[in-house]
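**Q** what shape does this take:
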Amino acid sequence: MTEHATAPGRPLATWPEGTWPAVSFVMPVLNERDYLTDAVGSVLGQEYAGETELILALGPSTDGTTELAESLAAAESRIRLVHNPVAHIPAGLNLAISATRNPIVIRVDAHSEIPHDYARVGVETLRRTGAANCGGIMAATGRGAYQRAVAAAYNSPFGLGGGAYHSGGDEGPCESAYLGIFRREVLIEVGCYDETVRRGEDWELNLRIREAGYQVWFTPELRVTYWPRDTRDRLARQFWSTGVWRGALVRSLATRTPLRFFAAPALVVGLGASAAVGIAEGVRRFRGPARLLRAAHLAPVAYAGFLGLAARRADGTTRERARFAEVIATMHVSWGAGFLTGLARGGGRTVDTSRRA
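**A** Numbering: from 1, shown residues only. So this is what the prediction gives:
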């Protein structure tokens, strides 16, 4: 289901049909040697009639990514490099945006590959709708068994759900857009990315764009191949940090936060309550009205049923379905625990360590 914005927003003046404004792609990069060549190739291979450039914001990689980026830039004049010593994604994006020359800014990711018509479809969507930003579907895919299970969870309503860019839906105004194809003047007007928000920066930026009176647009015509984390540890670290920053955002934006963001933290609270009741009753068995506390055990029972349903609906062997359910549980519990931590103490110095070599 598409997340419709609360107000349609005022349309921006656009350009005549058949004309193609120059486009700047911006890509933050950190320890992406295994993915960078394909990601850059998908940008350089765009079938777009206007001028294009690619700005790579290089974090302090330790796996040879910087050297690879330098060799790619030496071979292609459309690639320019900026250095992002603090490594944080919002800071890298802002550095790259500052270096752009063109009226359209397209955010891309080193863990993603865009189809050959991505820029054309996106720019045409901005022209047709007058939106300030548009995006499409994150189509997760995997190479190994675990990464394929993670991709299946990303693409399933049992995994992430809610967002149109995960589950698809009808074209129209939306709450946030995956990656984003932006009108540069709007980015500058709203102040670009908030560098104090280390995760969830897309949602926060799109909130400011909508509150400034502009429109954010979803179209299923835009489809991006995304390579998710490929180990349980990296997946858990990614979702923990994302949850922390979502919880931190809720501290100041609670009334503007969709209710679905509270599902995973509610699950963690329920599982924690069940564990606490179990431990307490192991010390002294409950009697009288205190026995009502055993209702806390409904949380793990209900969630086990949910995971069982998810596994039955999944494709593959019994082992693959079990891995799919385990991945979903890792996502939900890590994100929910992170959310509660961020809600309690803010984001602090929490960073996503899942891409460290």
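
**Q** got the residue ranges for the strands in the protein?
**A** Under the criterion DSSP state E, strands of the chain are mapped to 23-29, 52-58, 79-83, 104-107, 112-113, 133-140, 172-173, 181-183, 216-226.

**Q** out of these, which gets nearest to S241?
**A** strand 23-29 (15.1 Å; CB to CB). Just so you know, the C-beta spots here come from the backbone N, C-alpha and C atoms, and that holds for glycine as well.

**Q** that closest one vs strand 52-58, what angle?
**A** 20 degrees (axes from the mean of the first three to the mean of the last three CA atoms, to 10 degrees).

**Q** helices and strands around strand 23-29, which ones?
**A** Counting contacts by 3 or more CB pairs under 8 Å, 6 or more residues apart in numbering; DSSP states H and E, strand 23-29 packs against helix 33-44, strand 52-58, helix 89-99, strand 104-107, helix 118-129.

**Q** coming back round to it: quick one, which of the strands of the chain is nearest to R232?
**A** Among the strands of the chain, strand 133-140 sits nearest to R232 (CB to CB), with 16.1 Å.

**Q** what sits up against the closest one?
**A** The contact list for strand 133-140, computed with CB atoms under 8 Å, 6 or more residues apart in numbering, reads 112, 122, 125-126, 150-152, 154-155, 164-166, 168, 174, 176-183, 186, 206, 209, 214, 216-228.

**Q** same check on stretch 74-82?
**A** With CB under 8 Å, 6+ apart, stretch 74-82 has contacts from 40, 44, 52-58, 69-70, 72-73, 92, 95-96, 99.

**Q** quick one: buried ones out of those residues?
**A** Buried members of these, counted by 16 or more other CB atoms under 10 Å: 40, 52-58, 69, 72-73, 92, 95-96, 99.

**Q** of those residues, just say which sits nearest to A299.
**A** Using CB to CB, G92 comes nearest to A299 of the buried ones among the contacts of stretch 74-82, at 39.5 Å.

**Q** hmm, P60 and the closest one touching each other?
**A** No. With contacts counted by CB atoms under 8 Å, G92 stays clear of P60, the gap being 10.9 Å.

**Q** overlap in contacts of these two?
**A** L30.

**Q** where does pLDDT dip in the chain?
**A** The chain contains residues with pLDDT under 70 at 1-9, 161-168, 254-255, 356-357.

**Q** if we can go back for a sec, so for V197, which of the helices and strands packed on strand 23-29 sits nearest?
**A** helix 89-99 (6.3 Å).

**Q** which elements pack onto that closest one?
**A** By 3+ CB pairs under 8 Å, 6+ apart, helix 89-99 packs against strand 23-29, strand 52-58, strand 79-83, helix 201-211.

**Q** could you check how many residues crowd around G213?
**A** Neighbour count for G213, taken as other CB atoms under 10 Å: 11.

**Q** hmm, P11 and it touching each other?
**A** No. Contact criterion CB under 8 Å: G213 and P11 do not qualify, at 10.3 Å.

**Q** residues touching the closest residue to I181 other than its chain neighbours, list them.
**A** Of all residues not flanking I181 in the chain, G122 sits nearest, at 3.7 Å (CB to CB, 6 or more residues apart in numbering). Contacts here follow CB under 8 Å, 6+ apart; on that basis G122 touches 106, 134, 181, 222.

**Q** fine by me, thanks again.
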